[in-house]
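A.B. asks: coords please:
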Amino acid sequence: MFITFFKIGAFTFGGGYAMIPIMRNEVVNKKKWMEDAVFMDMLAIAQSMPGPIALNTALFVGNKRNGFKGSLFSGLGVILPSFIVILLIAIVFTQFKDNPVIERIFKGIRPAVVALIAAPLIGMGKSAGITWKTLWIPIAVALLVWLLGISPMYIIVGAIIIGLAYFWFLKLNMKK
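C.D. replies: You can find the predicted model right below:
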C-alpha cells in the first residue's frame with residue numbers, strides 16, 4: 001500500500017483533486033481493493049472531512065484494507081513525496097525563483113493540472129449516479145460556490161438536510 005500511494009503522491013501534479021482519479025484507478029481498477037461504489041462513498045466522506053482530500057481518501061482506503069496499519073502506510077505514502085519535494089524546493093527555490101525559465105515551466109504546468117482535474121469528472125459523475133436529470137445539481141452547486149461565494153460547508157449541510165427530509169418523506173409515503 002505504501003508503494004502504491006507513494007507513486008500516486010510522487011507523480012501527480014495539482015494537489016488532491018488531481019490525485020483522486022489516479023487513486024480511483026489504482027484502488028478500484030488495477031488493485032481491485034474495493035468496489036467503485038465503496039470508493040465513491042469514501043470519497044464523499046473524505047470531501048466533507050477537514051484536511052487534504054487526497055490524504056483523507058488514502059487514510060480511508062488504507063483503513064478499509066488493513067485497519068490502522070493500512071491507514072498509516074497509505075497516509076505516509078501519499079504525503080511523503082509532497083513533503084520531500086517541498087523540502088527540496090525550500091532549499092533550492094530561493095536561488096531560482098526569479099528565473100524566467102522556471103516561471104514559464106510553472107505557467108506551462110497550470111493548464112495541464114486543470115485538465116488532470118477536469119477530465120475524470122465525467123467518469124466520477126457516472127459512478128456517483130449523476131444522470132441527465134440530475135446534472136443540474138453539480139452545476140448549481142459549482143455556480144453557488146464560484147459566483148456567489150457560498151461556502152461548500154453550507155451546501156453540504158443543506159444537502160444533508162434535504163436528503164434527510166426526502167428520506168422521511170419517502171418513508172411516510174411508504175407507510176400510507
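
A.B. asks: Counting by contacts, list what the helix or strand bottoming out on mean pLDDT in the chain packs against.
C.D. replies: Least confident helix or strand, the chain: helix 121-127 with a mean of 76, by mean pLDDT, DSSP states H and E. Applying 3 or more C-beta pairs under 8 Å, 6 or more residues apart in numbering; DSSP states H and E, we find helix 121-127 packed against helix 16-24, helix 36-48. For glycine as for every other residue, the C-beta is placed from the backbone atoms N, C-alpha and C.

A.B. asks: How far off centre is the helix or strand hosting N173?
C.D. replies: Under the criterion of DSSP states H and E, N173 resides in helix 152-175. Remark: helix 152-175 is offset 24 Å from the chain centroid, using C-alpha atoms, centre = their mean, to the nearest Å.

A.B. asks: Please list the outside residues in contact with that helix.
C.D. replies: Contacts with helix 152-175, where a contact means C-beta atoms under 8 Å, 6 or more residues apart in numbering, come from S48, V141, L144, V145.

A.B. asks: Run the angle between that helix and helix 36-48 for me.
C.D. replies: Between helix 152-175 and helix 36-48, the angle comes out at 130 degrees (axes from the mean of the first three to the mean of the last three C-alpha atoms, to 10 degrees).

A.B. asks: how's the chain carved up into domains?
C.D. replies: Listed by automatic domain parsing, the domain ranges of the chain are 2-128, 130-176.

A.B. asks: weakest of those in terms of mean pLDDT?
C.D. replies: Lowest mean pLDDT of the domains of the chain: domain 2-128, a mean of 86.

A.B. asks: measure it end to end?
C.D. replies: When the termini of domain 2-128 are compared using C-alpha to C-alpha, to the nearest Å, they are 27 Å apart.

A.B. asks: what does stretch 113-131 give?
C.D. replies: End-to-end distance for stretch 113-131, by C-alpha to C-alpha: 26 Å.

A.B. asks: quick one: buried residues of it?
C.D. replies: For stretch 113-131, burial by neighbour count (16 or more other C-beta atoms under 10 Å) applies to L116, I117, P120, M124, S127, A128, I130.

A.B. asks: Thought I20 was touching the third one, still the case?
C.D. replies: Yes. With contact defined as C-beta atoms under 8 Å, P120 counts as touching I20 (7.3 Å).

A.B. asks: Contact partners for N99?
C.D. replies: Taking C-beta under 8 Å, 6+ apart as the test, N99 contacts no residue whatsoever.

A.B. asks: could you measure it against F106, distance?
C.D. replies: Distance, N99 to F106, by C-beta to C-beta, to the nearest Å: 10 Å.
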